[in-house]
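K.L.:
everything below, folded, please.
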Amino acid sequence: MQSGAKTLSAGGGASLCCLLLLWLIYSHLLREGQLAVGTCEIVMLNRDSSVPRRTIARQTARCACRRGQIAGTTRARPACVDARIVRSRQWCEMAPCLEGEVCSYLFNRSGWTCTRGSGRIKTVTPLPKEPS
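P.N.:
Residues are numbered from 1 along each chain as shown. Below you'll find the predicted structure:
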């Protein structure tokens, strides 16, 4: 009976050690530039305010999306969205505007606008994905 308990205890210790090692490897990979699945990060942001009362911002994001998802915008932040939304250019379905803003499509569905009650308008036109 006692040898069985020692075997069980040794097996549990080995399992715990193995799990700890896997967790260390996983956390090391995340620190080395890997994104967690379903997350995005902004990798480049340029702002041009040379024209009075107008700011042109260009943003590049990197996302690690799940199958069936693609990089998009939710609440004015990069996010993984359903790929169908982007392919069909139904931009407003991904809720790209901030709370209190109204989303509208550009006339040719090349992008969208977010309008506030105060009259402030943000126009967004996604760039096509560059070939890999």
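K.L.:
so residue 109 lies in a helix, does it not?
P.N.:
No: according to DSSP: H, G, I helix; E, B strand; the rest coil, residue 109 belongs to no helix; its state is coil.
K.L.:
isn't it up against residue 87?
P.N.:
No: with contact defined as Cβ atoms under 8 Å, residue 109 does not count as touching residue 87 (11.6 Å). (Each C-beta comes from the backbone N, C-alpha and C, glycine too.)
K.L.:
number of nearby residues for residue 126?
P.N.:
15 (other Cβ atoms under 10 Å).
K.L.:
and it, that's in a strand?
P.N.:
No: counting by three-state DSSP, residue 126 falls outside a strand, being coil.
K.L.:
ok, and the closest non-adjacent residue to it?
P.N.:
residue 111 (6.3 Å; Cβ to Cβ, 6 or more residues apart in numbering).
K.L.:
what about residue 89, neighbour count?
P.N.:
16.
K.L.:
tell me the secondary structure of it, please.
P.N.:
Strictly by three-state DSSP, residue 89 counts as coil.
K.L.:
do the same with the one 3 residues further on
P.N.:
Residue 92 falls in the helix class when you classify it by three-state DSSP.
K.L.:
and the one 4 residues further on, by the same measure?
P.N.:
Three-state secondary structure (criterion: three-state DSSP) places residue 96 in coil.
K.L.:
surely it and residue 114 touch.
P.N.:
Yes: at 6.8 Å, residue 96 counts as touching residue 114 under the criterion of Cβ under 8 Å.
K.L.:
which residues do the two both contact?
P.N.:
With contacts taken as Cβ atoms under 8 Å, 6 or more residues apart in numbering, residue 96 and residue 114 have 76, 103, 124 as neighbours in common.
K.L.:
no more questions from me, cheers.
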